[in-house]
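[1] Need a 3D model of the sequence below.
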Amino acid sequence: MTRPTVARHFARFVAGLALEDLPPAVVTRTTLLALDTIGSCLTSSTMDFGRAVLLTTERLGGPAESSLIGGKAKVAAANAVLANGTLAHGLDFDDTREDAIVHTGCVAVTTALAVGEAVGASGGAVLEAMIAGVEVMCRVGLAVPGKFHARNFHPTALSGSFAAAAAAGKLYGLTEDQLVHAFGICGSQASGIIEYLADGSWTKRLHPGWAAHAGVVAALLAQAGFIGPERVFEGRQGFYQAFAGGYDELRMEQLLESLGKVWEVERLTFKPYPCGSIAHPYMDCALRLRAQHAIRPDQIAEIHCRTAEGPVPRLWEPLAAKRRPPNGYAAKFSLPYLVAVMLVKGRAGLAEFTDEAVRDKTVLDLAAKVHYELDPTIGYPRQFAGHIRIRLTNGRVVEDRQDHPRGGPDFPMTREELEAKFRGNAGLLMPREKIEEVINAVAGMAAFRQLIPLMTSLRS
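    I've put the predicted structure just below:
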């Protein structure tokens, strides 16, 4: 008997997924993921990149079937996810799966909401689609930890279309064979280079939106009879050969075996800061040292951080440029800036990532004192760890270490913290009463007969 392909394993899982079979904790976690994602969309819709993508998707148009979150219009589902996926990831305030290094809600949640609205799905069906997307996306990334980045690709960009095809395919009612073809089509749509790191340009923000758009298109094509390669993942000229230089077949078998048994949605990390989660343990260390020792910037002679080799090209080098990021977006990927801003201001919210904020002389002078050294004992990307050692001008040395970012399974954020984060994000666009209505609605999504009232409330 022929062993099923990776794509067919995924297709069978997606087709057979049913909300009533899921542990209640998985469903609850998914509603929190949905709330967190929607909050990021709402905030981004008020900003320059958000307005640009909303305007563009309005021009693309299509049948008025899916809402633009924070916008005024309804457009075709494939175009709505182009905008909403971009909005969800645009501030780097969205979830991360360590090891896989993928952001899931910006694709799985936005796709499920848009397609669910388009087809008149129930809240329960939409949650099924979200979970399907998360579980597929995480495993696509977990099969090759660190290898996409090593070849200068953004893992979310590459894996996102498969998540969107899973979520959209679930809601469009694709058969197992059609889902297999949809995944096959996604392999030829995968893209997403990381050259944005050089100048803080906006393309990373677009990656999840483009991936979600590709996944919805792939699902529609497959439903119409278009055929994609079944061995898209493991083939000799397949996805992993092209983007990762191959993969560990045994590792993938283990990931497929865990489908429906181990729920990756429970392993996601939510973000307390709007920047790359790899940096968060360093930022927490800096904050604790500042508070515990009442450190002032003028008392600091030198700062040393220990890091794994993997994040160096994205967060540390070229060091001179990272110490003086050219704009607010580039600062999100600069560990010298992120450590310095925590030590100077004791916070890193949206206000610390404006173009004006990153020109603060006190912060930049301190960033110039930040150095790094490689530590081979840090198990990146399995582990996002931070270590800071500060030498003060009086010769005293203080240091701190944190082995995981806050917001993940090892160091979780509470529901109250996540709801407070949502209030802060949504408050840029919504009145307080409406914010509370959305929080309650998302928490009770599983009982919705239709998603349309919620989506209508998210338009401005």
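[2] Below-threshold pLDDT in the stretch 201-350 of the chain: ranges please.
    Counting by pLDDT under 70, the stretch 201-350 of the chain contains no low-confidence range.
[3] hey, where'd the strands end up in it?
    300-307 (DSSP state E, counting those that start in this stretch).
[4] quick one, what contacts the nearest residue in space to Met445 that is not next to it in sequence?
    By the measure of Cβ to Cβ, 6 or more residues apart in numbering, the closest residue to Met445 outside its immediate chain neighbours is Gly123, 3.9 Å from it. The way it works is simple: take the backbone N, C-alpha and C, and place the C-beta from them, glycine included. With Cβ atoms under 8 Å, 6 or more residues apart in numbering as the criterion, the residues that contact Gly123 are Gly444, Met445, Ala446, Ala447, Phe448, Arg449, Gln450, Leu451, Leu454.
[5] at 7 Å what do you get?
    Met445, Ala446, Ala447, Phe448, Leu451 (Cβ atoms under 7 Å, 6 or more residues apart in numbering).
[6] Buried ones only from the residues you listed, please, as a ChimeraX command.
    To isolate the buried members of the contacts of Gly123 in ChimeraX, using 16 or more other Cβ atoms under 10 Å:
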select :445,446,448,451
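[7] Format the contacts of Gly123 as TSV; extra columns: pLDDT, distance to Ala167 and secondary structure.
    Output for the contacts of Gly123, formatted as TSV (pLDDT from 0 to 100; distance: Cβ to Cβ, whole Å; DSSP: H, G, I helix; E, B strand; the rest coil):
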residue	pLDDT	distance to Ala167	secondary structure
Met445	97	14	helix
Ala446	96	16	helix
Ala447	95	20	helix
Phe448	93	17	coil
Leu451	91	13	coil
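[8] any idea which of the contacts of Gly123 is the one closest to Gly209?
    Checking the contacts of Gly123 against Gly209 by Cβ to Cβ gives Leu451 as the nearest, at 19.8 Å.
[9] Any regions of the stretch 1-150 of the chain where pLDDT drops low?
    For the stretch 1-150 of the chain, applying pLDDT under 70 flags the ranges 1.
[10] what about the helices in it?
    Remark: helices assigned in the stretch 1-150 of the chain by DSSP state H, counting those that start in this stretch are 6-16, 24-44, 48-60, 77-89, 105-119, 123-142, 147-150.
[11] tell me what the shortest one is packed against?
    In terms of contacts (3 or more Cβ pairs under 7 Å, 6 or more residues apart in numbering; DSSP states H and E), helix 147-150 is packed against helix 155-172, helix 239-244.
[12] Likewise for the second one?
    Contact here means 3+ Cβ pairs under 7 Å, 6+ apart; on that basis helix 24-44 packs against helix 77-89, helix 105-119, helix 123-142, helix 415-426, helix 432-443.
[13] I'd like these laid out as JSON lines, including distance to Gly39.
    Shown next, in JSON lines, are the helices and strands packed on helix 24-44 (distance: least, Cβ to Cβ, whole Å):
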{"stretch": "helix 77-89", "distance to Gly39": "9"}
{"stretch": "helix 105-119", "distance to Gly39": "10"}
{"stretch": "helix 123-142", "distance to Gly39": "15"}
{"stretch": "helix 415-426", "distance to Gly39": "4"}
{"stretch": "helix 432-443", "distance to Gly39": "9"}
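[14] quick one: which of the ones you listed is nearest Arg231?
    Comparing these by Cβ to Cβ, helix 123-142 comes nearest, at 14.7 Å.
[15] Let me know the angle separating the closest one from helix 105-119.
    150 degrees (axes from the mean of the first three to the mean of the last three Cα atoms, to 10 degrees).
[16] How far off centre is helix 123-142?
    Helix 123-142 has its C-alpha centroid displaced from the chain centroid by 13 Å (Cα atoms, centre = their mean, to the nearest Å).
[17] Show me the contact partners of stretch 345-355.
    Contacts of stretch 345-355 (Cβ under 7 Å, 6+ apart): 91, 273-275, 283, 287, 290, 327-328, 331-332, 338, 341-342, 357.
[18] Now do that stretch: distance from first to last residue.
    Stretch 345-355 has an end-to-end distance of 16 Å (Cα to Cα, to the nearest Å).
[19] which ones are touching Asn152?
    Contact partners of Asn152, counting by Cβ under 7 Å, 6+ apart, are Ile193, Ile194.
[20] From Leu350, how far off is it?
    Distance of Asn152 to Leu350, computed by Cβ to Cβ, to the nearest Å: 28 Å.
[21] And for the residue lying farthest from the centre of the chain, nearest residue in space, chain neighbours not counted?
    Most distant residue from the mean C-alpha position of the chain: Asn394, 41.9 Å away (Cα atoms, centre = their mean). Once flanking residues are discounted, Asn394 sits nearest to Gln299: 7.5 Å by Cβ to Cβ, 6+ apart.
[22] What is the neighbour count of that neighbour?
    Residues within reach of Gln299, counting by other Cβ atoms under 10 Å, total 14.
[23] how distant is stretch 296-311 from the center of its chain?
    Here stretch 296-311 shows a centroid-to-chain-centroid distance of 26 Å under the convention Cα atoms, centre = their mean.
[24] Can you point out the buried residues in it?
    Neighbour-count burial for stretch 296-311, counted by 16+ other Cβ under 10 Å, picks out Ile300, Ile303, His304, Cys305, Arg306, Thr307, Ala308, Gly310, Pro311.
[25] Please apply the same query to stretch 38-58.
    In stretch 38-58, counting by 16+ other Cβ under 10 Å, buried: 38-45, 47, 49-50, 53-54, 57-58.
[26] From start to finish, how long is that stretch in a straight line?
    End-to-end distance (Cα to Cα), stretch 38-58: 19 Å.
[27] I am finished for the moment; much appreciated.
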